[in-house]
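>>> Structure for the following, please:
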Amino acid sequence: MGNAAILETCALGIGYRLGKKGEVVVHPGLDLQLREGELTCLLGLNGAGKSTLIRTLCGLIPPLSGEITLCGKALAEYSQSEFSRTVGVVLTDPTSAGGITVRELVALGRYPHTGFFGRLGAHDYEVVDKALESVGIAHKAASFVADLSDGERQKAFVAKALAQECPLVILDEPTAFLDVTSRVGMMALLRRIAHEEGRSILLSTHDLDAALDFADNLWLQDKSSPMLCGSPSELLEDGSLERFFSRDGLRFDAQQRRIIAI
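Sure thing, here's the model as predicted:
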């Protein structure tokens, strides 16, 4: 699409250091780009290292090798406050926040913008209310987070990330606990935000149908193969999706755009 890159990696190696025992390499040599105004979906089988990649891009796990550049600056050079103004993050195991209301949780997304005293103004509350409305959880604003269902809690944390108004939003399986209607609605919302607000959004998912319908780009991650990247149409046309998902008695049918048993 020709949009500017918000995040780039060069020869990135992800995995874990084990002290004197060495290191476990999950995936080496990743050259990736996230561009403004695009929704990118990360797909892969369990154990492929999707969460490891997400956490590395968020700075929670140090890379084993290579570089991560965020808005033209090395990720390692960001302070915590600067990072919070640049990247909104939603992980599969969000920090417990059961003792506060949903509105208070989402309002925490505004604190990177409020200065030393952390006081929210009228504009901040407008952003919070808009985020609550956009994910369909405004009716739960006064409820305690502890009283929410898993799906409602997931929506609340996504609203918090949206309220940060960051140029980059990274989400680890944001639709995992949602019903079918809510999954489609969430994906449509994230695509609209990326396109209309010029944000870059990366999310990991197991929902192939939704990824094909809504993503601008797909990242196909397999521990034993190089990362495959491209638009859904490109990866369909060149056979990458068929090769990636056809295994162990399963086959990806390009015409039906789904995985079938053989």
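
>>> where does the nearest residue to Glu36 once chain neighbours are set aside land on pLDDT?
For Glu36, ignoring the flanking residues on the chain, the nearest one in space by C-beta to C-beta, 6 or more residues apart in numbering is Asn3 at 4.7 Å. No exception for glycine: its C-beta is placed from N, CA and C like everyone else's. pLDDT for Asn3: 85.

>>> Wait, a strand at Asn3?
No - according to DSSP: H, G, I helix; E, B strand; the rest coil, the state of Asn3 is coil, so it is not within a strand.

>>> hang on, it packs against Arg35?
Yes - here Asn3 reaches Arg35: they are 4.2 Å apart, a contact under C-beta atoms under 8 Å.

>>> picking up where we left off before, burial of the residue nearest to Glu36, as a residue count?
14 (other C-beta atoms under 10 Å).

>>> Tell me the spacing between it and Asp213.
Distance, Asn3 to Asp213, by C-beta to C-beta, to the nearest Å: 21 Å.

>>> same check, this time on Ile201
15 Å.

>>> same thing with Gly239?
In this view, Gly239 and Asp213 are 20 Å apart by C-beta to C-beta.

>>> in the stretch 1-150 of the chain, which segments are predicted with low confidence?
Low-confidence regions of the stretch 1-150 of the chain, defined here as pLDDT under 70, cover residues 1-2, 93-98, 115-117.

>>> Where do the helices of it begin and end?
50-57, 80-86, 102-107, 122-134, 150-163 (DSSP state H, counting those that start in this stretch).

>>> Nearest to Ser246 among these would be which one?
With respect to Ser246, and counting by C-beta to C-beta, the nearest of those is helix 50-57 at 19.5 Å.

>>> hmm, who's touching the closest one?
When contacts are taken as C-beta atoms under 8 Å, 6 or more residues apart in numbering, the neighbours of helix 50-57 outside the stretch itself are 7, 9, 12, 14-16, 26-27, 30, 42-44, 61-63, 68, 75, 91-92, 170, 172, 202, 204, 221.

>>> 6 Å instead, please
Residues outside helix 50-57 that contact it (C-beta atoms under 6 Å, 6 or more residues apart in numbering): Ile14, Val26, Leu42, Gly44, Ile61, Pro63, Asp172, Ser204, Gln221.

>>> in the protein, which spans are strands?
Listed in chain order, the strands found in the chain under DSSP state E are 5-17, 23-30, 33-35, 39-43, 65-70, 73-74, 87-90, 168-172, 200-204, 217-220, 228-230, 250-253, 258-261.

>>> any chance of these in TSV, with mean neighbour count too?
Formatted as TSV, the entries for the strands of the chain read as follows, by neighbours: other C-beta atoms under 10 Å:
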stretch	mean neighbour count
strand 5-17	18
strand 23-30	17
strand 33-35	20
strand 39-43	25
strand 65-70	17
strand 73-74	10
strand 87-90	24
strand 168-172	24
strand 200-204	26
strand 217-220	22
strand 228-230	18
strand 250-253	15
strand 258-261	12
